[in-house]
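> can't give you the sequence, but here's the structure:
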């Protein structure tokens, strides 16, 4: 297994010398988040842990700790761990439909986390609570109307993910969604879905974005907790090796094509539900989440997303499918979320190496454009 670099180690002389600056890379996003570069590592369940978050922050980007699958106590400990690894700003991704979401937001306020990121649009009163507590609020969206809504409610920034993105995503490509979002509201906009290098960063800036957010690219770093054999499986994939499926939790998700997805797609509805129910029980035992809280989350998902009860049961199945593949190293029986950009990635840099490379590439492109294309 590749040696994991220490995210808290100071930059070497060579690393420091490689860092380049360009005025175009100082954006409203860097000012709002208090970071060096307009690059965000998104919150990914079982992937965006304290180590990856801190490594991203130390490299000059905005790391986001994923809290959706953590208990309240685990979240508190994870925030403390990030704090022990870096003194730079970072964010926490919270699920707006969790029964204890207000308690979690209060924890972020108390611990002086910089950014509250939401995978789903939070309620207006929740945004107000965050802002009153000094948090920067940044929901993720996939449609212009959602940008307009959260902006009207007071969100400071938004991650706009196009259909190329991994996990839960829509159909509209980033190239069309991003300019729509930019025109919809005067808040900080981060483009997501299809970004992995400096060329993409410059293209997003040209569309009016204030930076980019990446999931798959950060998943495929040496700082990521994903099993090495699973990372190597990702690296073997091409741009045509992903699929949008409804069979994981009833909502469209982009994942790697594989035996598990094929089996879910071909299976009968009763068979899928029986398998999902078994995985939900396994997750409950592993996470020690009370059945009362699981039922409350299911009711919230049903109410907010218009899911059927069968889809709610399927949603409870998803955490075990992801954990089995990503952490246990069994992609043959689990599920690997990914963006289509996986087909363009062929290495496993550290977060520091990745961000330095993206910035260098972006500066090269910007200087070439300023020189008339030479």
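Sure, I can see it. The structure presented is a predicted model; accordingly, all values stated were derived computationally and were not measured.
> leaving out chain neighbours, which residue sits closest to residue 50?
residue 81 (3.9 Å; C-beta to C-beta, 6 or more residues apart in numbering). Any C-beta I mention is one placed from the backbone N, CA and C, and that applies to glycine too.
> thought the one you found was touching residue 52?
No. In this structure residue 81 lies outside contact range of residue 52 using C-beta atoms under 8 Å: 11.4 Å.
> who has more neighbours, these two?
residue 52 (27 against 15; other C-beta atoms under 10 Å).
> so that one, which state does it fall into?
Recorded secondary structure, residue 52: helix (DSSP: H, G, I helix; E, B strand; the rest coil).
> what's the distance between it and residue 43?
Here the criterion is C-beta to C-beta, to the nearest Å. By it, residue 52 lies 10 Å from residue 43.
> figure out the helix or strand that the residue lying closest to residue 52 once chain neighbours are set aside lives in.
In this structure, residue 52 finds its nearest non-sequential neighbour in residue 223, 5.0 Å apart by C-beta to C-beta, 6+ apart. Under the criterion DSSP states H and E, no helix or strand holds residue 223.
> break this protein into its domains for me.
Split into domains by automatic domain parsing, the chain comes to 13-225+346-370, 238-326.
> quick one on the thing from earlier: what distance do you get for the residue nearest to residue 52 to residue 206?
29 Å.
> what about these two, which has more around it?
Applying other C-beta under 10 Å to residue 223 and residue 206 shows that residue 223 carries more neighbours, namely 28 against 13.
> my read: residue 350 touches residue 222, true?
Yes. Applying C-beta under 8 Å, one finds residue 350 in contact with residue 222, separated by 5.0 Å.
> tell me the contacts of residue 76?
107, 111 (C-beta atoms under 8 Å, 6 or more residues apart in numbering).
> now it: phi and psi?
When read as degrees, to the nearest 10, the backbone of residue 76 gives phi -60, psi -40.
> ok so, going back, return the member of the domains of the chain having the minimum mean pLDDT.
Per-stretch mean pLDDT for the domains of the chain is lowest at domain 238-326 (a mean of 64).
> give the next helix or strand downstream of the helix or strand hosting residue 127.
Here residue 127 sits within helix 124-132, counting by DSSP H and E. Moving toward the C-terminus from helix 124-132, the next helix or strand (DSSP H and E) is strand 136-141.
> give the contact list for residue 140.
42, 117-120, 158-161, 192.
> ok, those vs residue 94, which is closest?
residue 118 (5.9 Å; C-beta to C-beta).
> now do the helices in the stretch 201-350 of the chain.
Per DSSP state H, counting those that start in this stretch, the stretch 201-350 of the chain carries helices over the ranges 216-219, 228-235, 259-266, 269-287, 291-305, 309-326.
> likewise the stretch 51-200 of the chain?
Listed in chain order (using DSSP H, counting those that start in this stretch), the helices of the stretch 51-200 of the chain are 72-85, 101-110, 124-132, 144-152, 174-184, 198-206.
> any buried residues in the second one, and which?
Think helix 101-110. Across helix 101-110, burial judged by 16 or more other C-beta atoms under 10 Å covers 101, 104-105, 107-109.
> which one of those residues is nearest residue 146?
residue 101 (18.3 Å).
> so which residue is smack in the middle of the chain?
residue 42 (2.7 Å; C-alpha atoms, centre = their mean).
> for that residue, which non-adjacent residue is closest in space?
residue 215 (4.3 Å).
> list the contacts of that neighbour.
Counting by C-beta under 8 Å, 6+ apart, residue 215 makes contact with 41-42, 44, 47, 165-167, 192, 339.
> distance of it relative to residue 196?
With C-beta to C-beta as the criterion, residue 215 and residue 196 are 10 Å apart.
> then residue 210?
Taking C-beta to C-beta, one finds residue 210 at 18 Å from residue 196.
> also residue 101?
Going from residue 101 to residue 196 by C-beta to C-beta gives 32 Å.
> before we move on, what about residue 251?
Counting by C-beta to C-beta - residue 251 and residue 196 are separated by 25 Å.
> surely residue 332 meets residue 233?
No. Under the criterion of C-beta under 8 Å, residue 332 is not in contact with residue 233, lying 9.4 Å apart.
> neighbour count winner among these two?
Shown here are residue 332 and residue 233; by other C-beta under 10 Å, residue 233 has more neighbours (18 against 11).
> report the buried residues of stretch 30-37.
In terms of neighbour count (16+ other C-beta under 10 Å), stretch 30-37 has its buried residues at 30, 32-33, 35-37.
> of these, which is the nearest to residue 93?
Scanning the buried residues of stretch 30-37 for proximity to residue 93, where the rule is C-beta to C-beta, the winner is residue 33, at 14.1 Å.
> contacts only, for that closest one.
Residue 33 touches 40, 62, 89, 91, 114-115, 136, counting by C-beta under 8 Å, 6+ apart.
> most neighbours among these, which one is it?
residue 62 (33 neighbours).
> wait, doesn't it sit right on residue 86?
No. Taking contacts as C-beta under 8 Å, residue 62 lies outside contact range of residue 86: 11.5 Å.
> quick one: neighbours of residue 123, just the number.
Neighbours of residue 123 using other C-beta under 10 Å come to 15.
> go on, residue 330?
15.
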